[in-house]
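A.B. asks: Here you go, sequence then predicted model.
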Amino acid sequence: MAELVRTDRLTRRYVMGETVLSALDGVTLSFEPGEVAAIIKRSGSGKSTLLQLLGGLDRPTSGEIFVRGKRLAESSEDELALYRRQDVGFIFQFFNLVPTLTALQNVELPLVLAGVAKPERRRRSAELLERVGLGGRREHRPNQLSGGEQQRVAIARALIHDPPLLLADEPTGNLDSKTASEILELLKTLAGRTILVVTHDRVLADSFAQRTVELRDGKVVTDDRR
Amino acid sequence: MTAVDTVGMAWANLARRKGRTALTAAGVVIGVGALVLMVSLGLGLQRQVVKLFDTDESLRTLTVHRVKGDPGKKKSAGFGLGMDQMIPLSDKDLEEIRKLPGVASAWPQLDMFLRVVLEGSTGTVVHPVDGIPPEEEGRYTKHLLAGTMWRSRDEPSCLVPRHFLESRLNLKPQDAVGKKITFSGFLQEEGDASEKDVFTVVGVLGDEAFSFLGRPIYVPLEAGLSLRERKASHPMLPSKKGSYLSAQLRLTDPRQAEQVAGRLRNMGFNTLSAVELLKQINIIFLVLEGFMACIGAIGLVVSLFGIANTMAMAVLERTREIGIMKALGARNGDIGRLFLAEAGAIGALGGLLGLAGGTLIGKGLNLVAHPLFDLPADVSLFHVSFWLAAGSVLFSVLISIVAGWLPARRAARMEPVAAVRYE
């Protein structure tokens, strides 16, 4: 099957004063459409770097990222924004909802940016909130929602534009174990698109992903398919 | 992101921070209010002055005189010329002027002020008196507010301006018709008037009947020349028949004023026309209004720094929000436009409130000024034109956008990953 995303000797270094930190060091990986993979990494600096690079939020120090065969490095700022808007859905550890917007407004934000007409985006957002079990909370602001509810809103927001690539960065990292398993169940229902989950929790990875990739010191140490 | 969504989001963001938005907009309100008030005063005064000149009578007539020295070289003698510098015009001069193409008629000006006593009124009023030649009678008839044109030019009758009756004698037009007016010389004793100096008011003329040169009491020209001979005893001024300080001429077409004036200058005369004066007056007012706009704009420029500060704070506070929006696919331009729209909305809000405030204060001052300076009801000292209203609001929006430019650029260029990491 043709790959959706491929990295080639992907390297990202951060310069902090006089020290140079290698978050990624020559990572070569490819992910097929519909593949669900967990990226396991020891806690440390640059934990989310791979997802940020794959999502077009950051640019690599060296190496390449190909999306459907196209080099991401060749994209302009606006093309990267368009890529994030059409092809990528982000789920963050700290939810990253806009605190001043309601649940419904947060979910519809990607469609606002895409210029979708208000009635349609309202309808689609309400449907998705219903699907993640928050039909009755659409007018609540993030500070009126529990952590689990906020992450559900964030998941709905990541799915609103139906992206082929879903990037989740420690999606249960900030939740209690009961809520975490609920969120995990919800993520499992999203199969059919490429889902990459960064986590430090191997149990979570095993229960969820068909493939686990382990990174250590910025390098791939294991890549297991089940 | 559509323009409607950008503006809607900008308003929502401002509405969430009401106190700060109000304080920032207050600077704009004061700036625009001052600007509107200052410029509207200039416009109001300009309108009053232009009204005097911009009548059909003013545009159709031209005043001719002759100045000593290099004849014809001086384009316009203006008002400030000494009497000793003038060469009186003769009947022969008038004949020549009448022959010029574009000239419908020409007649002497009396250039005379007389003491006026109206029957039934106490005290005397000094007022200009001028003559109407037979061929010009027709055009005054249509401006009669009360009474009629004189039936015979041999009768001692006169037409008085409404303005003169209302402002100086507090009389209504219809109450003046039929009353006697006694003229006596400006420098003579009051009691010297004889029967020949008593005229009957036959009609009252509206403002439209007069040119910018003034609103005299009109008598038949011949009677006026005779009055001048007897009463106008100023040593510097010509008073004998056949010698005149100035003449007035009527153009066949007001658009020919410049050409006719040119021909007259070639003949050695000097001219004074409403068109020339209007040009000069409008230039003076343009400079005055520009000056007032500059003073008013100082407040607006000061408020610019307030807007810049508020927007810079907003960008810092909303770093994470910017990052989230970028992660969700916002382009740099979307973010930049959002912040510019917020700055512009502060300008629009402040501009509209400032316009309303400036207009209301102007109206209030008008109300106070009317009884204070005894102004006629139709005079408005402050005038807010459409262009002033639209221009001041647009200017404040523009200034605000300029003020928001740097913060918006900073927001737009923010690295999405750095912004998302910001906790």
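C.D. replies: Thanks, I have it. Numbers count the residues shown, from 1 in each chain, chains lettered A, B, ... in the order given.
A.B. asks: how long is stretch B:328-335 from one end to the other?
C.D. replies: One end of stretch B:328-335 to the other measures 12 Å (C-alpha to C-alpha, to the nearest Å).
A.B. asks: which stretch of helix or strand covers residue A:224?
C.D. replies: strand A:219-225 (DSSP states H and E).
A.B. asks: Can you report how many residues neighbour the nearest residue to residue B:375 once chain neighbours are set aside?
C.D. replies: Nearest residue to residue B:375 in three dimensions, chain neighbours excluded: residue B:369, at 6.3 Å (C-beta to C-beta, 6 or more residues apart in numbering or on different chains). For every residue, glycine as well, the C-beta is placed using N, CA and C. Residue neighbour count, defined by other C-beta atoms under 10 Å in any protein chain shown, stands at 15 for residue B:369.
A.B. asks: how close does residue B:369 sit to residue B:379?
C.D. replies: Note on residue B:369: its distance to residue B:379, by C-beta to C-beta, to the nearest Å, is 9 Å.
A.B. asks: Okay, strands next: where are they in chain A?
C.D. replies: A:5-16, A:19-31, A:36-41, A:62-67, A:70-71, A:88-91, A:165-169, A:194-199, A:211-216, A:219-225 (DSSP state E).
A.B. asks: Partner strands of the shortest one, with direction?
C.D. replies: Paired neighbours of strand A:70-71 in the sheet (DSSP bridges): strand A:62-67 (antiparallel).
A.B. asks: where do the strands sit along the stretch 101-250 of chain B?
C.D. replies: B:103-108, B:112-118, B:125-132, B:144-147, B:157-161, B:180-185, B:198-205, B:217-220, B:247-251 (DSSP state E, counting those that start in this stretch).
A.B. asks: out of those, nearest to residue A:180?
C.D. replies: Residue A:180 sits nearest to strand B:144-147 of all the strands of the stretch 101-250 of chain B, at 93.0 Å, using C-beta to C-beta.
A.B. asks: And the contacts of the closest one?
C.D. replies: B:159, B:162, B:173-174, B:176-178, B:201-206 (C-beta atoms under 8 Å, 6 or more residues apart in numbering or on different chains).
A.B. asks: State the pair within those that is farthest apart.
C.D. replies: So, the contacts of strand B:144-147 by C-beta to C-beta: farthest apart are B:178 and B:206, at 18.7 Å.
A.B. asks: More neighbours: those two, which one.
C.D. replies: Taking neighbours as other C-beta under 10 Å, residue B:178 and residue B:206 compare with residue B:206 leading, 15 against 12.
A.B. asks: if I look at the more buried one, how far off is chain A?
C.D. replies: 59 Å (C-beta to the nearest C-beta, to the nearest Å).
A.B. asks: Need the phi and psi values for that residue.
C.D. replies: Dihedral angles of residue B:206 (phi, psi; degrees, to the nearest 10) stand at phi -80, psi 170.
A.B. asks: Next: the one 4 residues further on.
C.D. replies: Dihedral pair for residue B:210: phi -110, psi 150, per degrees, to the nearest 10.
A.B. asks: Count residues in the vicinity of it, would you?
C.D. replies: 22.
A.B. asks: ok, for it, nearest residue in space, not its chain neighbours?
C.D. replies: residue B:57 (6.1 Å).
A.B. asks: Check the secondary structure at the one you found for me.
C.D. replies: Classification of residue B:57 using DSSP: H, G, I helix; E, B strand; the rest coil returns helix.
A.B. asks: so what's residue 103 up against?
C.D. replies: Since no chain was named, I'll use chain A. A:129, A:134, A:137, A:138, A:139, A:140, A:141, A:142, A:145, A:149, A:153 are the contacts of residue A:103 under C-beta under 8 Å, 6+ apart.
A.B. asks: actually it's chain B I care about, not the one you picked
C.D. replies: B:97, B:249, B:250, B:251, B:252, B:260.
A.B. asks: from those residues, which is closest to chain A?
C.D. replies: Taking C-beta to the nearest C-beta as the measure, residue B:251 is the one of the contacts of residue B:103 closest to chain A, at 62.4 Å.
A.B. asks: Residue B:224 versus the residue nearest to that closest one when sequence neighbours are not counted, what's the distance?
C.D. replies: Closest residue to residue B:251 apart from its sequence neighbours, by C-beta to C-beta, 6+ apart: residue B:60 at 5.4 Å. For residue B:60, the distance to residue B:224 equals 21 Å [C-beta to C-beta].
A.B. asks: what does residue B:231 give?
C.D. replies: Counting by C-beta to C-beta - residue B:231 and residue B:224 are separated by 10 Å.
A.B. asks: The one helix or strand residue B:290 maps to near chain A at all?
C.D. replies: Using DSSP H and E, residue B:290 sits within helix B:274-317. No. Helix B:274-317 does not reach chain A (C-beta under 8 Å from any C-beta of the partner chain); its nearest approach is 10.6 Å.
A.B. asks: Quick check: next helix or strand after that helix?
C.D. replies: Criterion used, DSSP H and E; the element after helix B:274-317 is helix B:319-327.
A.B. asks: Could you check how far the next helix or strand after that following helix is from the centre of its chain?
C.D. replies: Later in the chain than helix B:319-327, the nearest helix or strand by DSSP H and E is helix B:332-373. In terms of C-alpha atoms, centre = their mean, to the nearest Å, the centre of helix B:332-373 is found 24 Å from the chain centre.
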